[in-house]
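Q: Dropping a prediction and its sequence here:
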Amino acid sequence: MELIERMVNRTATFNGLHLPIKTVHSTLIKYADHLVALNDDDTWRFSLLGSAVRIHYRDRYLSICCRHQLKGRDLSRVGLIEDGGEHIITSARSIHFSSANDSDFHDLALFDFTEPCAAGVMDVSRFFPFRSIAPDTASDKHVFVLCTGFPFADQRYELDENHLGSGRRNIICQPQNRSSDPALIKLGIPKGIDFDPDGMSGGSAFVCIERNRKLEIYFAGIITRGGQDGFYIVKAGFVREFLDRALFSR
């Protein structure tokens, strides 16, 4: 987070708000969460499926992840952890593509939590209001991309208290190059990472750009895969296209 610390006296616009850059980190990371699946086991109440992003899009409260995280799972038992681990809330509705073609775009999946949010059993402030995507800018105008997720190796399931010792990773990245898949962009990690990133899939990416000497922050996309030197993300525009197709196409 050294880059953010060096800009401590600056502010950035984010969904119409002006945020001190020093608060950006704590604001953005809250939208990434664990994705879990309930088990029929009194000891192992749930299994970890990696990461997910909580998004408020138009009038829906959603969790977005990657379909490959759900392999072999009963989707009606997939959910999010609420109230610091006291409850796991499942979704009554899930949507994904029927098959994964040659694009990671078709690996996206969503779970709809609008009903439990309306009932007041979920914290709506943890759902990112997805209103716009970043304008096209030259790569040298991208100040940083903050990627957040929950690698499996960092999590500790404390059986005596049936509690998850959560380990979140927040990685500063830079756009590296475009992929042959138009839905993807590769993010490089300048100093690399020293941990196994397995479990980061489904995590969030937010980009900070500079225009007219002002900093602006936008949702950049969903982490779909990665390695020691960087991550691939499905870009925000394609995430929005997926949401429109899934929720509002007739």
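A: That came through, no problem.

Q: Can you pull the phi and psi angles for the residue positioned nearest the centre of the chain?
A: When C-alpha atoms, centre = their mean is applied to the chain, the residue found nearest the centroid is residue 204 (2.6 Å). Geometry field for residue 204 lists phi and psi as phi -90, psi 160, criterion degrees, to the nearest 10.

Q: the longest helix in the chain is where?
A: Longest helix in the chain, counting residues (DSSP state H): helix 236-248.

Q: Show me what that one is packed against.
A: In terms of contacts (3 or more C-beta pairs under 8 Å, 6 or more residues apart in numbering; DSSP states H and E), helix 236-248 is packed against strand 46-57, strand 60-66, strand 108-112, strand 214-227. No exception for glycine: its C-beta is placed from N, CA and C like everyone else's.

Q: What angle do strand 46-57 and whichever helix or strand comes after the second one make with each other?
A: From strand 60-66 onward toward the C-terminus, using DSSP states H and E, the following helix or strand is strand 78-82. Computed by axes from the mean of the first three to the mean of the last three C-alpha atoms, to 10 degrees, the angle separating strand 78-82 from strand 46-57 equals 80 degrees.

Q: so what's residue 187 closest to, chain neighbours aside?
A: Among residues not flanking residue 187 along the chain, residue 173 sits closest, at 3.8 Å (C-beta to C-beta, 6 or more residues apart in numbering).

Q: What's opposite the one you found in the beta bridge?
A: Beta-bridge pairing for residue 173 (DSSP bridges): residue 145.

Q: Near it, how many other residues are there?
A: 23 (other C-beta atoms under 10 Å).

Q: Which residues are in contact with it?
A: Residues near residue 173 by C-beta atoms under 8 Å, 6 or more residues apart in numbering: 144, 145, 146, 147, 187, 188, 189, 190, 205, 230, 231.

Q: What of residue 109?
A: Applying C-beta under 8 Å, 6+ apart to residue 109 gives the contacts 64, 65, 66, 67, 69, 70, 94, 95, 96.

Q: Put the buried members of those residues into a ChimeraX selection.
A: Listed next is the ChimeraX selection for buried residues among the contacts of residue 109, using 16 or more other C-beta atoms under 10 Å:
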select :64,65,66,67,69,70,94,95,96
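
Q: Go through the contacts of residue 109 and say which is closest to residue 221.
A: The shortest approach to residue 221 among these belongs to residue 64, at 9.8 Å (C-beta to C-beta).

Q: got the contact list for the closest one?
A: By C-beta under 8 Å, 6+ apart, residue 64 lies in contact with 52, 53, 55, 108, 109, 110, 202, 222, 239, 243.
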